[in-house]
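Q: quick one, fold the following:
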Amino acid sequence: PQVASPSNGIVSASLTPTLTSSAYSGDITHRQSDWEIDDNADFSSPTFSSYDDTTNKTSVTASSALSPNVTYYARTRQSNGAGDSVYSASAHQFTTIANTPATPTVATISASSLSVVVNENSNPASTEFSIRLTPSGQTAQYLQADGTLGTNAAWQTDSVWGTKSITGLSANTTYAIDVKARNSGNTETGFSSSASAATASGASNNPVVSSLSDSKLSVVIDESGLPSTTTYAIAVVSNATTTYLQADGTLGTTVVYQTYTQWGRATGTTIVNCSPNTAYAIQIKAKDSNGTISTLGSSVESVTRAALPQTPTAANVTSSSLQLTLPTDNNPSTTEYAISVSSHSKSIGSDDTLSDTPVWRTRDAWNAITIGQLSPNVLYIFQVKARNSAAVETELSSLLALYTLASTIDDPLIQNAIRTANGFVDVEMVLS
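A: Below you'll find the model as predicted:
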């Protein structure tokens with residue numbers, strides 16, 4: 001007899017194959033059959049055997065599963081009352097299918113990378129595997145040997161894949177990852193159950209920060225193409241203290257996450273309780289749909305504008321000088337001020353006189369300064385402006401308008417005194 005099935009050389013045999021033989025051709029009644037399956041062609045240690053089988057004379061199913069992705073040999077012989085036939089040709093062989101892999105093990109590495117480990121599910125070391133990734137709502141691709149993705153399946157053994165890093169992925173994106181196997185005859189299994197993992201959000205790129213006033217800053221988040229479900233926290237560092245922007249625009253210690261839309265999209269959001277002429281460093285961190293939080297992104301600094309100065313005050317006014325004082329305001333002590341003499345289109349210069357070139361000093365340096373070389377009985381209008389550490393100037397303050405005193409005169413010179421007829425004296429007085 002001959003083994004009829006599985007077909008000789010087939011590479012997709014079941015792990016519990018059914019052996020069938022050619023038809024019995026003897027003249028005497030077919031009483032029984034012997035069956036053997038072995039991974040050695042010499043049948044020295046059969047994996048499956050059934051001898052003197054009077055029930056399964058022309059077909060038999062392996063009672064226990066064979067190993068996956070193994071080439072086996074099969075043979076049979078038939079017996080009647082006259083004795084046993086010879087065994088069928090030992091060259092009859094078939095290869096079992098591989099086991100479908102178990103669910104792979106995946107992990108998040110970064111915003112652009114995941115790792116995957118194949119679970120071979122008892123397949124032998126020679127079995128090859130292909131790894132498929134399907135981004136949420138997108139087309140599946142296959143992991144390539146170099147860690148990138150491609151449209152064609154790449155096949156490697158479990159030991160070669162190892163713990164494989166998948167690179168070039170999109171941030172904050174969920175990927176379904178499954179695996180299929182193939183045996184030595186390139187017969188493929190179906191895909192395993194999938195494991196899902198999401199890449200990290202990644203730090204947002206540099207935000208756009210601008211000063212709106214002496215108490216407000218504008219912050220626009222760069223979403224960098226991250227999904228709309230990504231949320232962001234805005235860290236604000238000033239004077240070595242870190243706070244976070246709250247939903248109402250104030251600064252506080254609670255870390256508040258909101259979506260790009262909630263933070264104002266391209267219009268941005270406003271920090272409303274800043275101090276004048278103060279540097280604020282803004283950093284963004286993102287949180288993905290799995291709750292994975294990125295590190296803080298690059299720091300972008302902006303300085304609030306200086307507060308508008310108060311109207312200066314004057315004292316000790318003479319015909320040629322006066323003393324000016326700058327009142328206290330909300331600006332820090334490092335803020336610099338310049339004094340404009342708008343009545344003369346001049347400024348106070350470095351020598352404390354009227355000049356075409358203004359000098360910038362702190363409030364303490366200006367206080368009680370004496371302005372000299374003024375003209376007597378002339379209207380002077382003084383205004384003050386401030387600038388922040390980024391040299392952005394304020395508008396001019398309210399004006400202080402005052403006259404210098406008139407000059408004093410010497411005693412008059414009396415000359416040409418003439419007594420008149422009526423007893424009066426006419427005199428000529430010369431004022432110097």
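Q: what segments of the stretch 51-200 of the chain are strands?
A: For the stretch 51-200 of the chain, strands defined by DSSP state E, counting those that start in this stretch occupy the ranges 59-61, 71-80, 83-84, 93-96, 102-110, 113-119, 128-135, 141-143, 149-150, 156-157, 163-166, 174-182, 195-198.
Q: out of those strands, the one nearest residue 399 is which?
A: Closest approach to residue 399 among the strands of the stretch 51-200 of the chain is made by strand 102-110 (60.0 Å; Cβ to Cβ). C-beta coordinates here come from the backbone N, C-alpha and C atoms, glycine included.
Q: please enumerate the helices of the protein.
A: Shown for the chain, the helices assigned by DSSP state H span residues 158-161, 363-366.
Q: tell me how far residue 127 lies from residue 71.
A: Distance of residue 127 to residue 71, given as Cβ to Cβ, to the nearest Å: 13 Å.
Q: not counting its neighbours along the chain, what's nearest residue 12?
A: Spatial nearest neighbour of residue 12, excluding adjacent residues (Cβ to Cβ, 6 or more residues apart in numbering): residue 187 at 4.4 Å.
Q: could you dump the helices of the chain to a markdown table with mean neighbour count and distance to residue 375?
A: What follows is those, written out as a markdown table (neighbours: other Cβ atoms under 10 Å; distance: least, Cβ to Cβ, whole Å):
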| stretch | mean neighbour count | distance to residue 375 |
| --- | --- | --- |
| helix 158-161 | 16 | 92 |
| helix 363-366 | 16 | 22 |
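Q: so which of those helices gets nearest residue 239?
A: helix 363-366 (19.6 Å).
Q: circling back to that earlier point, tabulate the strands of the stretch 51-200 of the chain (CSV), appending distance to residue 318, mean neighbour count and mean pLDDT.
A: Formatted as CSV, the strands of the stretch 51-200 of the chain follow (distance: least, Cβ to Cβ, whole Å; neighbours: other Cβ atoms under 10 Å; pLDDT from 0 to 100):
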stretch, distance to residue 318, mean neighbour count, mean pLDDT
strand 59-61, 123, 17, 96
strand 71-80, 116, 21, 95
strand 83-84, 141, 10, 88
strand 93-96, 113, 22, 97
strand 102-110, 73, 17, 91
strand 113-119, 77, 20, 95
strand 128-135, 82, 21, 97
strand 141-143, 87, 20, 97
strand 149-150, 85, 16, 96
strand 156-157, 95, 17, 98
strand 163-166, 82, 16, 95
strand 174-182, 80, 22, 96
strand 195-198, 77, 19, 92
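Q: want to throw those strands into TSV with distance to residue 213?
A: Below are those laid out as TSV (distance: least, Cβ to Cβ, whole Å):
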stretch	distance to residue 213
strand 59-61	86
strand 71-80	81
strand 83-84	105
strand 93-96	77
strand 102-110	39
strand 113-119	43
strand 128-135	44
strand 141-143	50
strand 149-150	49
strand 156-157	61
strand 163-166	48
strand 174-182	42
strand 195-198	40
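Q: of all the ones you listed, which one comes closest to residue 47?
A: Shortest distance between residue 47 and those, using Cβ to Cβ, is found for strand 71-80: 6.9 Å.
Q: mind saving the C-alpha coords of the closest one as PDB?
A: C-alpha atoms of strand 71-80 as PDB (Å, rounded to 0.1, in the frame of the first residue of the first chain):
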ATOM      1  CA  THR A  71       8.700  17.700   8.600                       C
ATOM      2  CA  TYR A  72       7.400  14.200   9.300                       C
ATOM      3  CA  TYR A  73       7.500  10.900   7.500                       C
ATOM      4  CA  ALA A  74       4.500   8.500   7.300                       C
ATOM      5  CA  ARG A  75       4.100   4.900   6.300                       C
ATOM      6  CA  THR A  76       1.600   2.100   6.500                       C
ATOM      7  CA  ARG A  77       1.200  -1.600   5.900                       C
ATOM      8  CA  GLN A  78      -1.800  -3.800   5.600                       C
ATOM      9  CA  SER A  79      -2.300  -7.300   6.900                       C
ATOM     10  CA  ASN A  80      -4.600 -10.300   6.000                       C
END
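Q: just checking: what are the partner strands of that strand?
A: When pairing is defined by DSSP bridges, strand 71-80 lines up against strand 30-38 (antiparallel), strand 83-84 (antiparallel), strand 93-96 (antiparallel).
Q: make JSON lines out of the ones you listed and add distance to residue 117.
A: Listed next are those as JSON lines, based on distance: least, Cβ to Cβ, whole Å:
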{"stretch": "strand 30-38", "distance to residue 117": "33"}
{"stretch": "strand 83-84", "distance to residue 117": "51"}
{"stretch": "strand 93-96", "distance to residue 117": "25"}
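Q: any idea which of those gets closest to residue 238?
A: strand 93-96 (69.4 Å).
Q: contacts for that closest one next, please.
A: If you take Cβ atoms under 8 Å, 6 or more residues apart in numbering as the criterion, strand 93-96 is touched by 6-15, 17, 41, 66-74, 183-185, 187.
Q: picking that back up, can you tell which of the strands paired with strand 71-80 is closest to residue 422?
A: strand 93-96 (155.1 Å).
Q: shaky segments in this structure?
A: 202-205, 225, 409-415, 417, 421, 423-432 (pLDDT under 70).
Q: what about residue 345, how many residues nearby?
A: Residue 345 is flanked by 9 other residues according to other Cβ atoms under 10 Å.
Q: try residue 19
A: Counted with other Cβ under 10 Å, residue 19 comes out at 25.
Q: hmm, it is touching residue 3, no?
A: Yes. Assessed by Cβ atoms under 8 Å, residue 19 is found in contact with residue 3 at 6.1 Å.
Q: what's the overlap in contacts for those two?
A: Contact criterion Cβ under 8 Å, 6+ apart; residues shared by residue 19 and residue 3: 74, 76.
Q: just to revisit the earlier point, can you tell which of the strands of the stretch 51-200 of the chain is closest to residue 36?
A: It's strand 71-80; of the strands of the stretch 51-200 of the chain, that one is closest to residue 36 (Cβ to Cβ) at 5.4 Å.
Q: what separation do you get for residue 361 and residue 382?
A: 15 Å.
Q: ugh, wrong one, I meant residue 61
A: Per Cβ to Cβ, residue 61 is found 109 Å from residue 382.
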